[in-house]
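Student: any chance you can model this:
(one chain, ligands or ions: 2)
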Amino acid sequence: MRQLIQDTIERTPGNAYLQGKKAKFIQIDEDWGFKFYSYKEDANQTYEMQKYLASHGLAPQVGEQMCIRLPNGSYQYGYVTEVAAILSDIKARQLGFKDELEMCAQPNGRALYNQCDDEWEDSDDFIWLTDQIRKVKVEEFDTHVSNVGYIRGKIVVIDVHQYEFKEDI
Ligand SMILES: Nc1ncnc2c1ncn2[C@@H]1O[C@H](COP(=O)(O)OP(=O)(O)O)[C@@H](O)[C@H]1O
Ligand SMILES: [Mg+2]
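Tutor: Numbering: from 1, shown residues only. Ligands and ions are numbered 1, 2, ... in the order given. Prediction:
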């Protein structure tokens, strides 16, 4: 897996990573991808949280943790993760766009995104997922339409960067 990831990184231009505010992501094969961060602490923290939520079926399964070198020479810290079909991309396709990125590039992109997010927050899946996360004593934040997805028909959270374990009272 390590060699496959390093090869994929070498082949992927730097501007082709899927990117949020903190994490970068590349798909390795149909089912698995590699999620990575500039800081080891971010990678370790999200790995532990994702692994815990995955054990309850609420996040993608995680694989090996790894440090890799980008073609620009910088070191990055990350882990292997199952790939989910991101909900914002699914909703964008339903509206006739290629993905969320293309939808958001429209003049009314912001409004279209907000509409998708409102729909998501009104859905049974949103209520179910956020309830389950709280039940396993995790505080969820930022559970937006672009931070959740489907794996084998089941809703999961893919971005747990801001999540915290609840203190026992
Ligand atoms: N498990 C995954 N399956 C599919 N795509 C993913 C997965 N994790 C991340 N991504 C992609 O990478 C992007 C950035 O990851 P994310 O965890 O949301 O980072 P950030 O904390 O920077 O928002 C996501 O918006 C999504 O496109
Ligand atoms: Mg995100």
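
Student: how much space between residue 152 and ligand 2?
Tutor: 21 Å (CB to the ion, to the nearest Å). Quick note: C-beta positions are derived from backbone N, CA and C, even for glycine.

Student: how many neighbouring residues does the residue in the chain positioned nearest to ligand 1 have?
Tutor: For the chain, the nearest residue to ligand 1 under the criterion CB to the nearest ligand atom is residue 20, separated by 2.1 Å. The tally of other residues near residue 20 (other CB atoms under 10 Å) stands at 14.

Student: with residue 106 instead?
Tutor: Residue 106, neighbours per other CB under 10 Å, totals 14.

Student: quick revisit: phi and psi next, for the residue of the chain closest to ligand 1.
Tutor: Per-residue torsions, residue 20: phi -110, psi -150 (degrees, to the nearest 10).

Student: go through the longest helix anywhere in the chain and flag the buried ones.
Tutor: The longest helix of the chain (DSSP state H) is helix 40-55. Going by neighbour count (16 or more other CB atoms under 10 Å), the buried part of helix 40-55 is 42, 43, 45, 46, 47, 49, 50, 51, 52, 53, 54.

Student: helices and strands around that helix, which ones?
Tutor: Helix 40-55 is packed against strand 32-37, strand 62-69, strand 75-82, strand 138-139, with contacts defined by 3 or more CB pairs under 8 Å, 6 or more residues apart in numbering; DSSP states H and E.

Student: which of the ones you listed sits most buried?
Tutor: Greatest average neighbour count among those goes to strand 32-37 (a mean of 23), per mean count of other CB atoms under 10 Å.
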